[in-house]
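1. Sequence unavailable; structure follows:
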DNA sequence: TAACAGATTTGGTCGGACCAGATAGTACCC
DNA sequence: GGGTACTATCTGGTCCGACCAAATCTGTTA
């Protein structure tokens, strides 16, 4: 059983990817009944356990509805899907974000991070500032020797750190929920503005937090977002 | 194998709940290595498949990290968790929402639904208005004969309908992501304001959408949220 | 002390079995 | 002909015990 890409891919993963592609490409329509676990197991040569587990995964991705003792049906995922569904769609499209998706993400980021910035400015300690400076310095050091995917991850972690330091753990949990979709955004962002500009922006945020200027940090975030959207527009 | 509570509870559910309690109660610390699938299976008298499946579930809840061929480790869930983690925490606390969580949810709702209201006011058709009136009428009719949980579900669906009708499917996906946590909110809301007030509020929204007054709808939403928080404060 | 090789432990997979609810077909009765 | 009750079958859900390959540990060797 060789799946060409990685020999480490499991049968479950293979099945999940196969079905994801089939569903998102429109081979099946919402409401369609998918083959039973037994039939698929026999057809693909996998165990029923694998198909069962795979269907469960697809259900958490919002792509199928499992009706016990009845069957597995393609979900109306544009109505009932969730972030996981969005992640699947983005991955299939090769990390290309539509403008609509981008606007949606940035609106959420403004809500989440804006709140985090304000909270952090109220409670930030000297250690917090020092910590932010340290990880920013680290990003600058590694920035010219890592892939853009990895760098995007670091930028995500930097902004998540704001949520963590703010002490409002609920913000961190929401932030993590948008992880995959945020990475796709950061890759685009870094391509558009360049690494140097992006890191400078991080340092500007730190200065504002150091000065306990919550409104300033919020406004800088809002301005950065509207600039990005404008630049995206006349590209 | 009798678990006293419900005879219908599966071994997998039993295991997941047990581990969820143990992890969230602090019996294990982030980074701790949990017992191997085999050991737990032997200890609890379950099959290894059950434990395996249970660990997978706990991983999607963000409570554990599974390192293949190595072991299962308790995740630093307050840093790396997601919405699923939040759902687990809320369920363990008996659907009681802390003020911090409530504020976080409402901030997100304002971002998501506020955008949906504005978009809908730009593109709403006569059919949209008629549809909203219909489902609102349905809610009024069933409101005195269903459980509060079910009614909360209807209120969630009403607000999700705003996202769907707005045509911005990304908003719907985000909205669905907050489902569980939103239900907990709506139960609280309906208890606090009463059913009649809540339904009247829905009808006010419809009038504003009919008049294409996006700002008005946004402001009404924002006012409703700040009122709710204020009422929550001096309770 | 460092590196290699084998034994052990680990999560992942598999297929066969059983359960109980859903479903559809059939025979029956009014 | 239309409704009803029964039954055979199909479904997802669960469970077990065995096997696999990779990660890890251990003890020996150079």
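-> All right, it came through fine. Nothing here was measured: the structure is a model prediction, and the numbers come from that model.

2. Could you spell out which stretches of chain A belong to which domain?
-> Per automatic domain parsing, the structural domains of chain A span A:11-85, A:95-233.

3. Redo the ones you listed as JSON lines? Include mean pLDDT.
-> Listed next are the domains of chain A as JSON lines, based on pLDDT from 0 to 100:
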{"stretch": "domain A:11-85", "mean pLDDT": "93"}
{"stretch": "domain A:95-233", "mean pLDDT": "93"}
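
4. so where do the helices sit in chain A?
-> A:11-24, A:37-44, A:48-60, A:77-80, A:83-92, A:99-123, A:126-142, A:148-166, A:169-177, A:179-193, A:195-210, A:214-233 (DSSP state H).

5. From those, pick the one with the highest average neighbour count.
-> The highest average neighbour count among these, using mean count of other CB atoms under 10 Å in any protein chain shown, belongs to helix A:169-177 at a mean of 25. Glycine gets a C-beta too; all of them are placed from N, C-alpha and C.

6. which residues are contacting that helix?
-> For helix A:169-177, contacts defined as CB atoms under 8 Å, 6 or more residues apart in numbering or on different chains pick out A:83, A:108, A:112-113, A:115-116, A:119, A:159-160, A:163-164, A:182, B:62, B:78-83, B:85-86, B:100-101, B:103-105, B:108, B:177.

7. sorry, back to before: so which of the helices of chain A is nearest residue B:26?
-> Nearest of the helices of chain A to residue B:26, taken as CB to CB: helix A:169-177 at 14.9 Å.

8. so the closest one versus helix B:169-177, what angle?
-> Per axes from the mean of the first three to the mean of the last three CA atoms, to 10 degrees, the angle that helix A:169-177 makes with helix B:169-177 is 130 degrees.

9. Let me know the angle separating helix A:169-177 from helix B:179-193.
-> Using the same axes, to 10 degrees: helix A:169-177 against helix B:179-193 is 140 degrees.

10. ok now helix A:169-177, how far from the chain's centre?
-> Relative to the centre of its chain, helix A:169-177 is centred 12 Å away, using CA atoms, centre = their mean, to the nearest Å.

11. for stretch A:100-109, same thing?
-> Mean C-alpha position of stretch A:100-109 versus that of the full chain (CA atoms, centre = their mean) differs by 11 Å.

12. Just confirm yes or no for that stretch near chain B.
-> Yes: using CB under 8 Å from any CB of the partner chain, stretch A:100-109 comes into contact with chain B via A:100-101, A:103-105, A:107-108.

13. Distance to residue B:154 for those residues - can I get that in TSV?
-> Shown next, in TSV, are those (distance: CB to CB, whole Å):
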residue	distance to residue B:154
A:100	28
A:101	28
A:103	29
A:104	25
A:105	29
A:107	26
A:108	25
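
14. how about a markdown table for the residues you listed, with distance to DNA strand C added?
-> Below are the residues of stretch A:100-109 next to chain B laid out as a markdown table (distance: CB to the nearest atom of the strand, whole Å):
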| residue | distance to DNA strand C |
| --- | --- |
| A:100 | 35 |
| A:101 | 30 |
| A:103 | 36 |
| A:104 | 32 |
| A:105 | 30 |
| A:107 | 36 |
| A:108 | 31 |
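
15. ok, those residues vs chain B, which is closest?
-> Looking at the residues of stretch A:100-109 next to chain B and their distance to chain B, the nearest is residue A:104, at 3.7 Å (CB to the nearest CB).

16. between the helices of chain A, which one is nearest to residue B:220?
-> Nearest to residue B:220, of these and by CB to CB, is helix A:99-123 at 18.3 Å.

17. Give me the helices and strands touching that closest one, please.
-> Packing partners of helix A:99-123 (3 or more CB pairs under 8 Å, 6 or more residues apart in numbering or on different chains; DSSP states H and E): helix A:148-166, helix A:169-177, helix A:179-193, helix A:195-210, helix A:214-233, helix B:99-123, helix B:169-177.
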